[in-house]
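> Sequence and predicted structure below; questions after.
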Amino acid sequence: MIVKPYNEQESKKSQVGKMFDNIAPYYDFLNGFLSLGIDNIWRRKAISSIKDRQSKQILDVATGTADLTLEIQKQLPSSDIIGMDLSNEMLAIGRKKIQKRGLDQQITLEQGDSENLSYSNNTFDAVTVAFGVRNFENLEKGLAEIQRVLKPSGQVVVLEFSRPTVFPFKQLFNTYFKYILPLVGRVTSQDPKAYQYLYDSVQAFPDGEDFLKVLEKTGFKSNQCKKLSLGICSIYSGFK
């Protein structure tokens, strides 16, 4: 099932780009506020799972405001990094962060389509995606593109929301995610649909073992899933 932010007529890709342009000014604040800052810990753990600590060429797909890109640079300071995203408004905020840190020579942010990557085959040592694969219009096509641009034996690392299964945390999390988070997001970001879409897209996403099967189907090997924070979030890893 394809979950869209706004309506059935426009493509999901178009709507997702519009949604992130709309909420870009509020995105970083809401991420930290609604996750109580835990999202920073998740990003650190995701990048620490990159096996080759000497990775030279890294692509961060759906980079948003570049928080994961900056974490890559922090942990792998010798890498050259490209951050790519559909939303120019999100990228504009990310560029300001990068310029403020004087990292313009090491990090490049580019507008692009995750399902039609503009890079040549076998280009990157690692490709990362944080909270972005849910937004792919065609999940398998997006993953196949990542597989294509990875070098042989290159690694993909995906950080994504998942659904807790432990009682009573599952029930508490669902209440927060379904009712409280959309309400706060609606009031703060002025976009009534964006944070409802977040809940709906997490419910529709094939998490856990189901996502590992999609990775395998799109050509990845040695795929693993590590659950974080009682299953709120998961790190997926695989190799070309």
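Noted; the coordinates are in hand. Numbers count the residues shown, from 1 in each chain.
> Show me what counts as buried in the longest strand seen in the chain.
Longest strand of the chain, by residue count under DSSP state E: strand 150-161. Using 16 or more other CB atoms under 10 Å as the test for burial, strand 150-161 gives 150-151, 154-161. Every residue, glycine included, has its C-beta placed from N, CA and C.
> Between which two of the residues you listed is the distance greatest?
Pairwise distances across these (CB to CB) peak at 28.5 Å, for the pair Lys151 and Phe161.
> Next, please give the residue ranges for the helices of this protein.
For the chain, the helices defined by DSSP state H occupy 12-35, 38-48, 67-75, 88-100, 139-149, 169-175, 181-189, 194-204, 209-217.
> Show the pLDDT at Met1.
pLDDT, Met1: 67.
> oh, I was asking about Phe33
In this model, Phe33 is scored at 76, pLDDT.
> from memory Asp28 sits against Met90, does it?
No: contact criterion CB atoms under 8 Å: Asp28 and Met90 do not qualify, at 9.7 Å.
> In terms of secondary structure, what does the longest strand of the chain contact?
helix 38-48, strand 124-130, helix 139-149, helix 209-217, strand 233-239 (3 or more CB pairs under 8 Å, 6 or more residues apart in numbering; DSSP states H and E).
> what's the closest of these to Gly102?
helix 38-48 (20.2 Å).
> Could I get the average pLDDT for the closest one?
Helix 38-48 comes out at a mean pLDDT of 96.
> same check, this time on stretch 121-138
Across stretch 121-138, pLDDT averages out at 97.
> just stretch 168-185 next, same as before
Stretch 168-185 carries an average pLDDT of 84.
> Mean pLDDT per helix and strand in the protein: which one sits at the bottom?
Ranking every helix and strand in the chain by mean pLDDT, DSSP states H and E puts helix 181-189 at the bottom, with a mean of 78.
> roughly how far out does it sit from the chain middle?
Relative to its parent chain, helix 181-189 has a centroid offset of 20 Å by CA atoms, centre = their mean, to the nearest Å.
> picking that back up, now tabulate the helices and strands packed on strand 150-161 in a markdown table and tack on mean neighbour count and distance to Asp67.
Shown next, in a markdown table, are those (neighbours: other CB atoms under 10 Å; distance: least, CB to CB, whole Å):
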| stretch | mean neighbour count | distance to Asp67 |
| --- | --- | --- |
| helix 38-48 | 18 | 6 |
| strand 124-130 | 26 | 8 |
| helix 139-149 | 20 | 19 |
| helix 209-217 | 15 | 22 |
| strand 233-239 | 22 | 14 |
